[in-house]
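*Asks:* sequence below, structure please.
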Amino acid sequence: MCQLPDPMASAEHSLPTRERRPSMGAPIVDIVGSVGPAGISRPKHKRTFTGFGAGEIKSVEASIPEPQRAAWTKYEFPGFKDKDDFEREVVRHVETTLARSIYNCDETAAYSAASLTFRDRLVKDWNKTQQRQTFTDSKRIYYLSLEFLMGRAFDNAMLNLGAKDVAKGMAPLIILECVGLNRTNQSLEGLTELGFRIEDLIGQEHDAALGNGGLGRLAACFLDSMASLNYPAWGYGLRYRYGIFKQEIIDGYQVEVPDYWLDFNPWEFPRYDVTVDIQFYGHVSKSQDENGKTVAKWEGGETVIAVAYDVPTPGYDTPSTNNLRLWSSKAASGEFDFQKFNNGDYESSVADQQRAETISAVLYPNDNLDRGKELRLKQQYFWVAASLYDIVRRFRKSKRKWSEFSDQVAIQLNDTHPTLAIVELQRILVDIEGLEWDLAWGIVTSTFGYTNHTVLPEALEKWPVGLIQHLLPRHLQIIYDINLFFLQSVEKQFPDDRDMLRRVSIIEESQPKMIRMAYLAVVGSHKVNGVAELHSDLIQTTIFRDFVTIFGQDKFTNVTNGITPRRWLHQANPRLSELIASKVGGHQFLKDLTLLNQLEHFVDDREFRKEWAEIKYANKVRLAKYIKSTLNINVNPAALFDVQVKRIHEYKRQQLNIFGVIHRYLTLKTMSPEEKKKEQPRVSIFGGKAAPGYWMAKQIIHLINNVGSVVNKDIDIGDLLKVIFLEDYNVSKAEMIIPASDLSEHISTAGTEASGTSNMKFVLNGGLIIGTCDGANIEITREIGQENIFLFGTLSEDVEDLRHAHAYGEHFIDSNLEKVFEAIQGGMFGEPNDFSAMISAVRNHGDYYLVSDDFQSYIDTHKMIDAEYQNQEEWISKCIRSVARMGFFSSDRCINEYAEGIWNIEPLVV
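*Replies:* As a prediction, the model looks like this:
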């Protein structure tokens, strides 16, 4: 094995500052300045070159004997280059990898063989990327997220590899003819000649069940952008065997069943040689070394093995292919105890393995029980400990000093779930590497960045001190020490404000005592960012207000979320993508989304509007066919498709939506036939999962389905109103639903949604929004213009006053909302008592999410939407203008802002 030379630094250099290009025609505040809250600047970074120079790389190559290099070069796999190569590789995989033949190759086998053929090509770029990053020894970003909602990999790999070949001037390899593009495609022709249709093969793949909501989808978009922009990056997560769950709707209720998504997954590589021993429980002993220094040692307890699985994440229009490393758990004692089995204790013989496997079995195990809480904490530590071990191991290979750690490593915490990584790195540096506390803490705080995603109190994680003491005794000691030193510094800074010590303490003096993970993340990170301007303002003026006083505003910043246009436009809506490309000079807008602003020139082009409308209608027909095939409900594609698909939660207010649907139904029932003819037909489409332990969210799903079962069978209403709940909402379903949307609902109580990214996806696909002044809706409004969005409801600055009035003053329920409640309680939509708690939450328990306050405004806004939708020419013009002004909301822009303002890393072209 070749020995790598010690990396050396060379001449200092810097990259030009990145600029965001403003959209045309929309009112924009602070175009060239910071996108953070007022008064907060983003420092421009300057990096010195690190790693191997060209001569050093040549010396590494020279250390390999010439005959070996010649043989490897001669026989290295080139990947397919044309249709014949592609067919040859598919047939080879069918016959040799899958042990099938022409006589028994079904669609599943064909999907597997085609996936492996594309994977073979992908792996070449993946290997080159990792080698390049290792040789240059450049600074890497490690993105820690408990969720990565990746969607299907096959379609994405085809798109990215095809785009790369197009960029090199070759014939395009991947064009999705299955959704209406009429261009010749060699690999698809190859599949056709082999007897298969590409759309049938794509449908064979399970969505990767590594996430649930916006947190995981944001992480997936970020991985795409980091690779597409050539940033050296790794993602770290857990390999959930059964996902969060597969949702089934039975008798109107959500039922959770395992999601067996890993059944033949060709996109992962088991790394059985990359394992980490993870310790739990035990005790801590302290002793003094020969220098009189106190040394802590964590001993005893239980050990579980973390096994790595690697998933290549390709960039678009670049060979850069980064890595997503997922950890799976297995018992340290082995899978099987033969002695117990021989003694007839069959269950106990596999008990250790089953107990270990539960750690990576399910995303977000139900934490309503104490055992569930322990499993969640165990899960989080298992993941971050394995990831930190891997990161530190990679750094050690560079032979650098520990003081250079943060010059080579940036770690981003995606929400509070990975916060224990701060404590774990401190433990590694102090207990294992023997660094002094202050030096170690300086390294830790200069390494981590923390992204906050919520201001909801229940979403800010807290762990009981007793649980951490039981599971991670050494980590509790370190947390207490971190808190002690932090509070001592606060006391020196603010000697007259004794109460501040209580307010900012990482340890909450409650019963029982709790560890406030968000506070630990703030104290242990050098940068804290929100994900939308309103959200970043709120965290600085509410939950982290005291920390802003302590650390100053420079520690806090804003990076508004974005989405990858490759998946959410080019892949999800290829016909619209091609239409746009025909007007803006090609597909470069997929790498620079601000180029969409050229579409404004075509708003008044009648032929362009006609093509736009035809594409929208075709997408609606496709969704209507899916609804018919899965639910046996006929919906009219000419109706207004009104969509709310996202995680089910009271703050997202699906209950407000379904109350509005009931009001519409009751109104239609009172109309004469002539009046009904004037009404705009609607299809209200819902989708999303409720957490297994979240009873109220499950009741919302139940009500939606019960309303649908009544409305959809009412012949007096007919096509004027349909109510659809699409079960098991995931990325693949989103790629079908979003392009078909006319209107999407983003109606969270003002001040509760950190950002949201589904709003961006809907607008980018030519749909309009009804929403509150919350999250990214505000910035979308600023970019696309108030005339192209339908806003309603309470403003965030009024929310607390209204909640106080509900609790201590008169609480008025609108008469229209009362009629809705009466219909529910009268049994129109099933057993009245089923939904009494939902109604009582509004009537009698303070209406925390302000449903009653916003209901009439919501209804009035929908009436306005009905009227505007009937003027289709103007509606389509609004849609085109909105898409043209969405350039700011690319995840590429986000990643560039993180790289410059937080991570201090530079692109590395492969």
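*Asks:* where does the protein dip in pLDDT?
*Replies:* 1-62, 163-191, 346 (pLDDT under 70).
*Asks:* if you set the cut-off to 50 instead, what comes out?
*Replies:* 1-55, 58, 163-185 (pLDDT under 50).
*Asks:* domain parsing of it, as residue ranges.
*Replies:* Domain assignment for the chain, taken from automatic domain parsing, gives 77-136+153-202, 214-561+897-903, 622-796+853-881.
*Asks:* those: which one's closest to His587?
*Replies:* domain 77-136+153-202 (7.1 Å; CB to CB). Every C-beta, even on glycine, is put in place using the N, C-alpha and C of the backbone.
*Asks:* re the thing from before, could you export the domains of the chain as TSV, including distance to Ile839?
*Replies:* Output for the domains of the chain, formatted as TSV (distance: least, CB to CB, whole Å):
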stretch	distance to Ile839
domain 77-136+153-202	43
domain 214-561+897-903	17
domain 622-796+853-881	10
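*Asks:* mean neighbour count added to those domains, as TSV?
*Replies:* Compiled in TSV, the domains of the chain are given as follows (neighbours: other CB atoms under 10 Å):
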stretch	mean neighbour count
domain 77-136+153-202	18
domain 214-561+897-903	19
domain 622-796+853-881	20
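*Asks:* Tyr142: which of those domains is closest?
*Replies:* Among these, domain 214-561+897-903 comes nearest to Tyr142, with 4.8 Å by CB to CB.
*Asks:* residue ranges of the helices in the stretch 151-300 of the chain, please?
*Replies:* Counting by DSSP state H, counting those that start in this stretch, the segments of the stretch 151-300 of the chain that form helices are 153-167, 186-193, 198-202, 214-228.
*Asks:* just put those in a markdown table and tack on distance to Ile738.
*Replies:* Converted to a markdown table, the helices of the stretch 151-300 of the chain look like this (distance: least, CB to CB, whole Å):
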| stretch | distance to Ile738 |
| --- | --- |
| helix 153-167 | 15 |
| helix 186-193 | 24 |
| helix 198-202 | 17 |
| helix 214-228 | 12 |
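*Asks:* for Ile422, find the nearest of those helices.
*Replies:* Short answer: helix 214-228, nearest of the helices of the stretch 151-300 of the chain by CB to CB, at 18.9 Å.
*Asks:* I'd like to know which elements the closest one is packed against.
*Replies:* Contact analysis of helix 214-228 by 3 or more CB pairs under 8 Å, 6 or more residues apart in numbering; DSSP states H and E lists strand 140-144, strand 233-238, strand 302-314, strand 321-331, strand 409-414, helix 891-898 as its packing neighbours.
*Asks:* excluding its backbone neighbours, what's nearest Phe338?
*Replies:* Among residues not flanking Phe338 along the chain, Ser349 sits closest, at 7.3 Å (CB to CB, 6 or more residues apart in numbering).
*Asks:* Glu89 now?
*Replies:* With sequence-adjacent residues excluded and distances taken as CB to CB, 6+ apart, Glu89 is closest to Thr117, at 4.3 Å.
*Asks:* pretty sure the one you found sits against Thr97.
*Replies:* No. Shown here, Thr117 and Thr97 do not form a contact pair, counting by CB atoms under 8 Å, at 9.9 Å.
*Asks:* now the helices and strands packed on helix 214-228 in CSV, with distance to Ser815?
*Replies:* Shown next, in CSV, are these (distance: least, CB to CB, whole Å):
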stretch, distance to Ser815
strand 140-144, 50
strand 233-238, 50
strand 302-314, 54
strand 321-331, 53
strand 409-414, 45
helix 891-898, 45
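*Asks:* mind checking which of these is nearest Asp605?
*Replies:* Closest approach to Asp605 among the helices and strands packed on helix 214-228 (CB to CB): helix 891-898, 28.0 Å.
*Asks:* now that closest one against strand 409-414, angle please.
*Replies:* Taking axes from the mean of the first three to the mean of the last three CA atoms, to 10 degrees, one finds helix 891-898 and strand 409-414 inclined to each other by 120 degrees.
*Asks:* show me the longest helix that occurs in this protein.
*Replies:* Ranked by number of residues, the top helix in the chain under DSSP state H is helix 107-136.
*Asks:* by how many degrees do that one and helix 214-228 diverge?
*Replies:* Angle, helix 107-136 to helix 214-228, by the same axes, to 10 degrees: 60 degrees.
*Asks:* thought Val731 was touching Asp155?
*Replies:* No. Between Val731 and Asp155 there is no contact under CB under 8 Å: 10.2 Å.
*Asks:* what sits against the residue lying farthest from the centre of the chain?
*Replies:* Going by CA atoms, centre = their mean, the residue of the chain most distant from its centre is Glu290, 49.3 Å out. Contact analysis of Glu290 by CB atoms under 8 Å, 6 or more residues apart in numbering lists nothing.
*Asks:* then the one 10 residues further on?
*Replies:* Contacts were defined as CB under 8 Å, 6+ apart; by that measure Gly300 touches Tyr281, Gly282, His283.
*Asks:* please list the members of the residues you listed that lie in strands.
*Replies:* Within these, residues falling in strands by DSSP state E are His283.
*Asks:* all helices for the stretch 551-700 of the chain, in order.
*Replies:* 565, 574-584, 606-631, 654-669, 673-677, 695-711.
*Asks:* pipe the ones you listed into a markdown table and attach distance to His845 per row.
*Replies:* A markdown table is the format used below for the helices of the stretch 551-700 of the chain (distance: least, CB to CB, whole Å):
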| stretch | distance to His845 |
| --- | --- |
| helix 565 | 43 |
| helix 574-584 | 45 |
| helix 606-631 | 34 |
| helix 654-669 | 13 |
| helix 673-677 | 37 |
| helix 695-711 | 11 |
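*Asks:* of all the ones you listed, which lies closest to Phe264?
*Replies:* Across the helices of the stretch 551-700 of the chain, Phe264 has its closest neighbour in helix 606-631 (23.5 Å, CB to CB).
*Asks:* thought the residue nearest to Phe338 was touching Ser333?
*Replies:* No. At 11.0 Å, Ser349 does not count as touching Ser333 under the criterion of CB under 8 Å.
*Asks:* gap between the closest residue to Ser360 other than its chain neighbours and Arg516?
*Replies:* Distance criterion CB to CB, 6+ apart; nearest residue to Ser360, sequence neighbours excluded, is Ser329 at 4.4 Å. Going from Ser329 to Arg516 by CB to CB, to the nearest Å gives 27 Å.
*Asks:* please apply the same query to Val820.
*Replies:* According to CB to CB, Val820 stands 39 Å off from Arg516.
*Asks:* for Asp554, same thing?
*Replies:* In this view, Asp554 and Arg516 are 23 Å apart by CB to CB.
*Asks:* repeat that for Asp438.
*Replies:* When CB to CB is applied, the distance between Asp438 and Arg516 equals 23 Å.
*Asks:* could you do Cys894 as well?
*Replies:* Distance, Cys894 to Arg516, by CB to CB: 27 Å.
*Asks:* Tyr143 too?
*Replies:* Distance, Tyr143 to Arg516, by CB to CB: 23 Å.
*Asks:* and what of Pro907?
*Replies:* 37 Å.
*Asks:* ok, Arg545 next?
*Replies:* Applying CB to CB to Arg545 and Arg516 gives a distance of 14 Å.
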